[in-house]
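Trainee: please work out how this folds:
(one chain, ligands or ions: 1)
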Amino acid sequence: MQNTTNTIAPTCKSCGKPLRGRADKKYCDDYCRATGNNKQNAEKNNTVRNINNLLLKNRRILAMLLPATESTTKIHYDKLHEKGFAFKYFTNTHLTKNGNTYHYVYDYGFRLLENNWYLIVHNNEK
Ligand SMILES: [Zn+2]
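Mentor: You can find the predicted model right below:
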């Protein structure tokens, strides 16, 4: 008789040991389950922390490039890129009556102008 079953024995998601018992088991015991859940939560927290750090870095870059005495300034893409600005991370967008979209990083906004120049604005109003 030929053996046509080719299943890989399920292993514990935490310690990697082969699992026995119910087919839908993921962990060997409560200890492994707790360890596994903690690890998953830690990874989620890491993702959130990494994105928060990128947002804070973006804000720092905009704050640094916009002089405190000005409410707007123009910065070239190359300068933002050189500083490590992460263009796809922002907190909200704002569409003006004129049809311009600003991307905000907290209280600082940026908008693409022509030829890869960006307008940087600071919104003090709260
Ligand atoms: Zn285990």
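Trainee: so which elements touch the longest helix seen in the chain?
Mentor: Longest helix in the chain by number of residues (criterion: DSSP state H): helix 30-65. Helix 30-65 is packed against helix 77-83, strand 101-105, strand 108-112, strand 117-122, with contacts defined by 3 or more CB pairs under 8 Å, 6 or more residues apart in numbering; DSSP states H and E. Backbone N, C-alpha and C define where each C-beta goes, glycine included.
Trainee: the spatially most central residue of the chain and residue 44: what is the separation?
Mentor: Against the mean C-alpha coordinate of the chain, by CA atoms, centre = their mean, the closest residue is residue 51 at 3.4 Å. Residue 51 is 11 Å from residue 44, where distance means CB to CB, to the nearest Å.
Trainee: what does residue 93 give?
Mentor: When CB to CB is applied, the distance between residue 93 and residue 44 equals 25 Å.
Trainee: what does residue 79 give?
Mentor: Between residue 79 and residue 44 the distance is 34 Å, computed by CB to CB.
Trainee: quick one, which of these two is more surrounded?
Mentor: Relative neighbour count places residue 79 above the other of residue 79 and residue 44, with 14 against 10, counting by other CB atoms under 10 Å.
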